[in-house]
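S.K.: What follows is a predicted protein model with its sequence.
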Number of protein chains: 2
Amino acid sequence: MTQKIEKITPRDENFSQWYTDVVRNAGLIDYGPVKGTMIFKPYGYAIWENIQNILDKEFKKVGVNNVYFPLLIPASLFNKEKDHIDGFAPEVATVTKVGDKQLAEDLYIRPTSEVLMAEHFAKEVKSYRDLPLIYNQWVNVMRWEKTTRPFLRTSEFLWQEGHTVHSSSDEARDFTLKILDIYKKFATEVLLLPVISGRKTEKEKFAGAKETYTIESLMHDGQSLQAGTSHFFADNFAKAFDIKFQNKNQEEEFAYSSSWGVSTRLIGAIIMTHSDDYGLVIPSKISPVQVQIININNSEEVESRSNAIFEELSQSYRVYIDRSEKSFGYKISEAEIRGVPIRIEVGPRDLANGVVTVSRRDIKSKVSIKFDDIKSYIDEQIVEFDRNIYQIALDNRINRTSKADSITEYQDILNTKQGFVLVPFCGDITCENDIKEKTQTNSRCIPDDVEQVKSNCFNCKKESNYMVYFARSY
Amino acid sequence: MTQKIEKITPRDENFSQWYTDVVRNAGLIDYGPVKGTMIFKPYGYAIWENIQNILDKEFKKVGVNNVYFPLLIPASLFNKEKDHIDGFAPEVATVTKVGDKQLAEDLYIRPTSEVLMAEHFAKEVKSYRDLPLIYNQWVNVMRWEKTTRPFLRTSEFLWQEGHTVHSSSDEARDFTLKILDIYKKFATEVLLLPVISGRKTEKEKFAGAKETYTIESLMHDGQSLQAGTSHFFADNFAKAFDIKFQNKNQEEEFAYSSSWGVSTRLIGAIIMTHSDDYGLVIPSKISPVQVQIININNSEEVESRSNAIFEELSQSYRVYIDRSEKSFGYKISEAEIRGVPIRIEVGPRDLANGVVTVSRRDIKSKVSIKFDDIKSYIDEQIVEFDRNIYQIALDNRINRTSKADSITEYQDILNTKQGFVLVPFCGDITCENDIKEKTQTNSRCIPDDVEQVKSNCFNCKKESNYMVYFARSY
């Protein structure tokens, strides 16, 4: 029997309140003293650590080097790339003094580090022999936000930002896409988010980029969330920051660059995709606790059996035994609300029968398993758990994906099942601004796995060049 | 034959210039665009990553949980603990606006996070059952500095800061010392710094702390460097921030706290302890490259042998083959300047004899080793390398440690061999200020392994309570 620790609003009653309730009650975060900032408590931060560890290994396999660049950017440097500054100016936090002393120049807290990297690259790069440079950093950044929500939109957030510079445009573009592939594979296989991927439209691409690629994820409520982006700059930044190299023909040439990032938003995406009315459901590969053992009492036989199970499973999994003075029921609720994939209950009655009770968080099963079979049962159930929650998310995405040929048809879908809506689109910024005004939605991407036929734009009726997904989004 | 890549000033000619030359030429850093900030290039950051990985595992063994707290602290919150704010006020970078909009309250970029943690703890802690809370974060902090040097003193630096809260004063103090032990063991066994440890005097303890413990390391030039500190606050912060809990007797009690940290200064300490006129010498456990293979040419036999060696050694070590177009001599110089512990040269003449040439960075040996013996030879030489550089540092510390009974005797030592000077000291702040004025030096610690006899203060001649190490310091 499970008792709820605090009331969680049912997901289908009020999705937004449900999200807030889950985040708070699962012990992921606390709010910071400055509006729009948050504290990652141990359980919340452990999810991010797991994301970092897995993704960092993938980056290193393709030659990424970690670095650390300064937090503060002089205003004069930031203003060098006009499109870029226009994109960020209203939301940069600005340091103007130290102690009582006014500074000679305003310093911006990085909203992203393209300009710092570009200036460094201009000094480092002399010859094609110095290229490519493939840098990444795991850092905090700030973008002041009016309305904030934990993980999804906070004034300060954690992310990784990759920045590369290459000796040919093709190589830079290939690397941009290689990272997109890593993101897609990681989202699909580790976070179990059935993302779609593609290119951003002119309006939605990153400030200063030539092309922006994205993975887009569909939340349980039918809204989209941008889960990762990879930007190809061609030589835009090289021209603004004078990054030149001598090529093999001994001619000077501007270099080609990319940047790419994922952030702690991913944790919001995981919650809104997999969790339910009982709290979090966390994909096993990033779950801080993969198996939780709960003892019904602290008799010697229970303790010794649960210790033996702990020892055995700890070889393969992150296992936790809650030894606090909390009640048995409370511990079960807490394991549920925290989304632990597998729970093992060890009690005297079961022990007399040579079994323990194993539950899976997603299907709330309760199965008696013999001592010798525990490890192999869990090996199998963890795989099944991951497979099942991915399938549920995929079904939701498939069920909520539609097509529309006109703006009214699109609006009807937004008012009913929402989700990704595939439309023929002209690609013009003015037309997309018009759509935004009519529907408060943006294009998500020009998908890479959909046939790009010519037709008439669903909004302006001019010739359309692409099939594009539009959706309401976070 | 080695050729120097750029000129490094000899260490004994000008220690300070030697340090700057080594840091720059080894490719560790670049200077940032804001004065006093620096860029960690891949090789420099990799050292920090290795430090993080090893230390983080040690922390987790004693129950430390990683968290992330916000970068910005409202001025009103920071001012709650008077001693604390007095210690940091002149050097805090302050955010006053976002975009063009003035903020209602100044926000400080964290110089350290005691007050944020304390405020959070006040909300979280209700009962003794909630305790202890043992938090740590790996983050950037800022303290504006007038004169800066890479790693040693920079306006922004990276560190870990641990913050704990406990239900008894003894437990908090024990944890403070447990961390000091971890730091000491890590410094000694991993960084190969023969540190001394002890308690700080009244004058030198941390702003707001009841007791500060420290590990102090002696640089090659005879100056001391504080390598890590652990602070016991008793209930000082709990009283300022109202952190109360109900104890087992159901009485309200103020909680007890500690904080502790090491920073990227450690990299400066490693350089100034172990490196030489040829560049860096990096302890093997944190060296980004432990074994570097350099091919004399790119013939098929050389390539195939060096690949085989790479495969074999990569099972146990971080191995690197430099495949760039640089010359053989340049590659050797670069491996040297970067402090790679073991270098293997693979060339056709050696191969004909069934051997390769193995060199150790510290003693500049060159030994022919048969193919089958490479792995076991390197296993042995890496241990010897670490042992030897530790011994050199220890000898330096022992040779430079003295005693003095008067201020003139102390000044004589400062003018000759420097190093740690053990003196009887009264412990008064006024007396220590006077010593500082006379000698521009501070006390380093009241050592925990020296008999604490009563005598007369070496400066003021009043009764002394401790034996204390004084030294010139970074």
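M.R.: Nice, I can see it.
S.K.: which helices and strands sit right next to the helix or strand hosting A:Thr212?
M.R.: For A:Thr212, the host element (DSSP states H and E) is strand A:211-218. The contact analysis (3 or more CB pairs under 8 Å, 6 or more residues apart in numbering or on different chains; DSSP states H and E) places strand A:211-218 against helix A:169-189, strand A:196-199, strand A:224-234, helix A:265-274, helix A:374-399, strand A:442-447, strand A:466-471. Any C-beta I mention is one placed from the backbone N, CA and C, and that applies to glycine too.
S.K.: can you tell if the fourth one touches chain B?
M.R.: Think helix A:265-274. No: remark: helix A:265-274 sits outside contact range of chain B, by CB under 8 Å from any CB of the partner chain, the gap being at least 11.7 Å.
S.K.: so what does that helix touch, helix or strand wise?
M.R.: Using 3+ CB pairs under 8 Å, 6+ apart: helix A:265-274 touches helix A:15-25, helix A:42-61, strand A:211-218, strand A:224-234, helix A:374-399.
S.K.: quick check: angle from the second one to helix A:169-189?
M.R.: If you take axes from the mean of the first three to the mean of the last three CA atoms, to 10 degrees, helix A:42-61 sits at 140 degrees to helix A:169-189.
S.K.: The third one too?
M.R.: Direction vectors for strand A:211-218 and helix A:169-189, defined by the same axes, to 10 degrees, enclose an angle of 10 degrees.
S.K.: Contacts for strand A:211-218, please.
M.R.: Contacts with strand A:211-218, where a contact means CB atoms under 8 Å, 6 or more residues apart in numbering or on different chains, come from A:173, A:176-177, A:180, A:183-184, A:187, A:193-200, A:204-206, A:224-232, A:269, A:273, A:393, A:396-397, A:400, A:419-420, A:444-445, A:469, A:471.
S.K.: ok so, going back, can I get the helices and strands packed on strand A:211-218 in TSV with distance to A:Ser324 and mean pLDDT?
M.R.: Listed next are those as TSV, based on distance: least, CB to CB, whole Å; pLDDT from 0 to 100:
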stretch	distance to A:Ser324	mean pLDDT
helix A:169-189	34	98
strand A:196-199	43	97
strand A:224-234	35	98
helix A:265-274	25	98
helix A:374-399	23	98
strand A:442-447	44	97
strand A:466-471	43	96
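S.K.: Reformat the ones you listed as a markdown table; add mean neighbour count.
M.R.: Listed next are the helices and strands packed on strand A:211-218 as a markdown table, based on neighbours: other CB atoms under 10 Å in any protein chain shown:
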| stretch | mean neighbour count |
| --- | --- |
| helix A:169-189 | 19 |
| strand A:196-199 | 21 |
| strand A:224-234 | 25 |
| helix A:265-274 | 25 |
| helix A:374-399 | 17 |
| strand A:442-447 | 22 |
| strand A:466-471 | 24 |
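S.K.: and A:Val450, what does it touch?
M.R.: A:Leu422, A:Met467.
S.K.: Next, it: secondary structure please.
M.R.: Under DSSP: H, G, I helix; E, B strand; the rest coil, the three-state class of A:Val450 is coil.
S.K.: what's it sitting at in phi/psi?
M.R.: phi -120, psi 140 (degrees, to the nearest 10).
S.K.: For chain B, what's the nearest residue on the stretch 251-400 of chain A?
M.R.: Nearest residue of the stretch 251-400 of chain A to chain B (CB to the nearest CB) works out as A:Glu325 at 5.8 Å.
S.K.: ugh, typo on my part, it should be the stretch 151-300 of chain A
M.R.: A:Glu156 (5.5 Å).
S.K.: re the thing from before, give me the angle between the strand holding A:Thr212 and helix A:374-399.
M.R.: Going by the same axes, to 10 degrees, strand A:211-218 makes 110 degrees with helix A:374-399.
S.K.: so A:Phe458 sits right up against A:Gln411, yeah?
M.R.: No: A:Phe458 is not in contact with A:Gln411 according to CB atoms under 8 Å; the separation is 10.7 Å.
S.K.: So if I had to pick from the two, which one is more boxed in?
M.R.: A:Phe458 (26 against 15; other CB atoms under 10 Å in any protein chain shown).
S.K.: Which strand or helix spans the more buried one?
M.R.: For A:Phe458, there is no helix or strand it lies in under DSSP H and E.
S.K.: which one is it nearest to, not counting chain neighbours?
M.R.: Leaving aside its sequence neighbours, A:Phe458 sits nearest to A:Val423 (CB to CB, 6 or more residues apart in numbering or on different chains; 4.1 Å).
S.K.: Can you classify that neighbour by secondary structure?
M.R.: From three-state DSSP, the assignment for A:Val423 is strand.
S.K.: and it, what are its bridge partners?
M.R.: Counting by DSSP bridges, A:Val423 is bridged to A:Val468.
S.K.: That one: what's it in contact with?
M.R.: By CB under 8 Å, 6+ apart, the neighbours of A:Val423 are A:Lys403, A:Ala404, A:Asp405, A:Tyr410, A:Phe458, A:Asn459, A:Met467, A:Val468, A:Tyr469, A:Phe470.
S.K.: If anything else comes up later, I'll come back, but that's it for now.
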